[in-house]
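Colleague: Quick one: sequence and predicted model below, then my questions.
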Amino acid sequence: MRKGVWNGGLTVMLAAGILWAFALPAYGEPVFPEGVSVDGQSLAGMTAEEARDAVKAYVGSQGQHKVTLSVEGRDVETTAGELGYHWANEQVVDEAAAEYAGGSLIRQYMAKKDLAESPVDLPLEVGVASSSVAQFVNTQCQDMGTAPQNASIARENGAFVITESIPGKTVDAEATGEALNQALAQGLDEAVRVEAVIMETEPEITTEDLASIQDVLGTATTSFSSSGAARSTNVSVGASKINGRVLMPGEVLSGYECLQPFTSANGYKGAASYANGQVVDSIGGGVCQVSTTLYNAALQAELEIVERQNHSMIVTYVEPSMDAAIAGTVKDLKIRNNYSTPIYVEGYTENKQITFTIYGKETRPANRKVEYVSETLGRTSPGDPQLIVDPTLAPGARVRVQSSHTGLRSRLWKVVAVDGVEQERTLLNEDTYNASKAIYRVGPSVPVTVPPETPVAPAESAPEQTQPAEPVTGVDGGPGVSPKPAETQPAGAESAGQSSGAGGPAETAPVPAETASAPSEAASAPAAPAETSPAAPETQAPPQVIPAAPEAAA
């Protein structure tokens with residue numbers, strides 16, 4: 001009996017010992033059993049750290065695989081490594097180690113048994129670096145796209161001709177990077193070839209935009225019939241430089257930026273301009289009539305006037321306060337397209353007239369009319385002429401250097417009427433125009449010579465009488481008055497450049513010249529306005545009696 005009891009007890013003790021041994025955790029760092037792999041790469045016998053290093057090395061070896069990006073039929077090659085190819089789910093090793101490489105002997109035994117029946121191949125997730133892909137696409141593909149082409153418009157034979165816009169094509173770096181990412185995630189067992197994602201880029205000015213330009217929004221015409229050849233050339237050249245301009249909604253046109261540089265190379269000639277209260281020659285003289293005519297067309301179109309200044313002295317081709325001077329960067333005409341659609345500016349000269357017409361899409365009611373009214377507030381006399389003695393002239397001769405200009409104060413009103421009934425009256429401009437004296441070069445006074453008298457015997461019947469000398473007539477028309485000395489002309493008129501045209505013409509106005517062998521007009525009578533007086537040939541250089549350096553701009 002005892003022997004049997006002992007044998008049974010021994011069996012129970014052995015079984016309990018075996019169970020106790022399997023319940024104890026394994027000593028040392030756990031390793032992966034057979035049956036665990038990542039993307040087919042076995043992790044058997046590796047610790048978690050060793051497994052991570054092995055997978056990284058495996059992914060790194062794949063970085064040398066060639067990747068081809070096709071852009072509109074053109075191939076660009078690189079490698080996966082250059083695109084920042086990397087292992088993206090390293091945490092999968094730690095998760096697998098916790099599941100299959102740790103725990104008690106019983107757990108390890110059960111894991112080995114399960115893995116022997118159903119091996120586990122862990123997924124390998126890879127990716128590319130967005131910054132590397134973007135750099136690759138932007139560097140290698142930037143010249144492979146096509147830039148968009150704006151639509152253009154021209155007026156030919158009284159009709160508009162539109163050249164259609166063409167969309168551009170460019171590589172979408174973000175979408176192309178995603179396509180590369182997805183392709184590389186499928187593995188590198190085969191060559192990777194990806195089509196770049198192309199997106200269209202719309203031009204800034206489309207055919208549809210320009211198709212809305214159909215209606216006349218405003219037009220204005222001024223005459224330069226009294227201008228000489230040089231000034232006429234400048235007006236024509238200036239009109240051509242603004243003609244055909246298209247302003248998109250909100251865009252601003254600067255008269256100065258369109259017309260400059262005021263140089264002979266840019267087509268301009270020397271002609272009369274305002275500077276320091278005088279009329280002098282400068283390259284581009286006459287372009288103020290270009291900006292003035294454009295200003296009047298813009299008023300009719302009711303564009304926004306961003307900047308406008310009047311001349312320092314009155315001009316004759318528009319009413320007071322309806323002019324717009326150009327003087328370098330000091331005085332400019334700037335207009336903004338305040339419509340929701342594009343506008344087209346047409347400018348040309350014909351028969352000694354300059355015309356600007358602004359086209360667009362008319363949105364104003366047909367029964368609404370706009371009128372601009374110039375109001376003169378006061379005038380200032382130019383005063384007596386300034387006489388400058390010129391010893392090179394014959395005695396008594398007189399040459400007009402500059403006509404007089406009457407000073408003026410004026411303002412401009414905008415009057416809006418609906419169905420012929422005035423609805424509003426708005427003050428737009430209030431201007432002051434300086435007075436300017438006429439300037440003459442005169443010859444020296446004729447010396448008065450009184451011949452010696454022959455003594456005459458006194459008559460017996462009457463007392464002696466002596467014939468008085470003839471009165472001396474001065475050059476200003478007054479009896480016995482000597483010519484006035486040269487006066488200093490006050491500065492105060494602006495300009496936009498020296499006569500070399502470095503920064504633009506001074507304020508422009510035509511200047512007539514006249515010669516006379518004798519002072520046939522009263523010195524106090526003002527000369528005819530410059531624009532309406534007959535112009536002398538412009539090849540004759542103006543007398544350089546008083547230097548007239550432009551004030552405002554170089």
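Modeller: Received it, and whenever you're ready, just let me know what you need.
Colleague: count of residues packed around the closest residue to residue 191 other than its chain neighbours?
Modeller: In space, and not counting its chain neighbours, residue 191 is closest to residue 66: 6.3 Å by CB to CB, 6 or more residues apart in numbering. C-beta coordinates here come from the backbone N, C-alpha and C atoms, glycine included. As a burial measure, residue 66 scores 12 neighbours (other CB atoms under 10 Å).
Colleague: show me the contacts for residue 66.
Modeller: 77, 78, 79, 191, 192 (CB atoms under 8 Å, 6 or more residues apart in numbering).
Colleague: The same query, at a cut-off of 10 Å, please.
Modeller: By CB atoms under 10 Å, 6 or more residues apart in numbering, residue 66 lies in contact with 77, 78, 79, 80, 188, 191, 192, 193.
Colleague: show me what contacts the first one?
Modeller: This means residue 77. Residue 77 is in contact with 66, 67, 68, 69, 140, 193, counting by CB under 10 Å, 6+ apart.
Colleague: Repeat the analysis, applying 8 Å as the threshold.
Modeller: The contact partners of residue 77, taken as CB under 8 Å, 6+ apart, are 66, 67, 68, 69.
Colleague: List the buried residues of the helix or strand hosting residue 290.
Modeller: Per DSSP states H and E: residue 290 is located in helix 287-301. Neighbour-count burial for helix 287-301 flags 287-301 (criterion: 16 or more other CB atoms under 10 Å).
Colleague: What of stretch 260-275?
Modeller: 260, 262, 268, 269, 270, 271, 272, 273, 274, 275.
Colleague: which one of the contacts of residue 77 has the most neighbours?
Modeller: Neighbours here mean other CB under 10 Å. Within those, the largest count is held by residue 69, at 26 neighbours.
Colleague: residues contacting the closest residue to that residue other than its chain neighbours?
Modeller: Excluding the flanking residues, the one nearest residue 69 by CB to CB, 6+ apart is residue 76, at 4.7 Å. For residue 76, the contacting residues are 68, 69, 70, 140, 141, 144, by CB under 8 Å, 6+ apart.
Colleague: Let's see which of the contacts of residue 66 end up in strands.
Modeller: 77, 78, 79, 192, 193 (DSSP state E).
Colleague: Report the two of those residues separated the most.
Modeller: 79 and 193 (13.5 Å; CB to CB).
Colleague: Quick check: neighbours shared by the two?
Modeller: residue 67.
Colleague: picking up where we left off before, now flag whichever of the ones in strands among the contacts of residue 66 is closest to residue 339.
Modeller: Nearest to residue 339 among the ones in strands among the contacts of residue 66, counting by CB to CB, is residue 78 at 49.4 Å.
Colleague: For residue 67, see how far away the closest one is.
Modeller: From residue 78 across to residue 67, the span is 5 Å (CB to CB, to the nearest Å).
Colleague: partners of residue 371 in the sheet?
Modeller: Taking DSSP bridges, one obtains residue 415 as the residues bridged to residue 371.
Colleague: Quick one: residues contacting it.
Modeller: Residue 371 is in contact with 414, 415, 417, counting by CB under 8 Å, 6+ apart.
Colleague: For the second one, give me its contacts.
Modeller: In other words, residue 415. The contact partners of residue 415, by CB under 8 Å, 6+ apart, come to 370, 371, 372, 373, 422, 424, 425.
Colleague: Which pLDDT value goes with residue 465?
Modeller: Per-residue pLDDT puts residue 465 at 42.
Colleague: ah, wrong one, I meant residue 492
Modeller: Residue 492 carries a pLDDT score of 35 in this model.
Colleague: and what of residue 529?
Modeller: At residue 529, pLDDT is 34.
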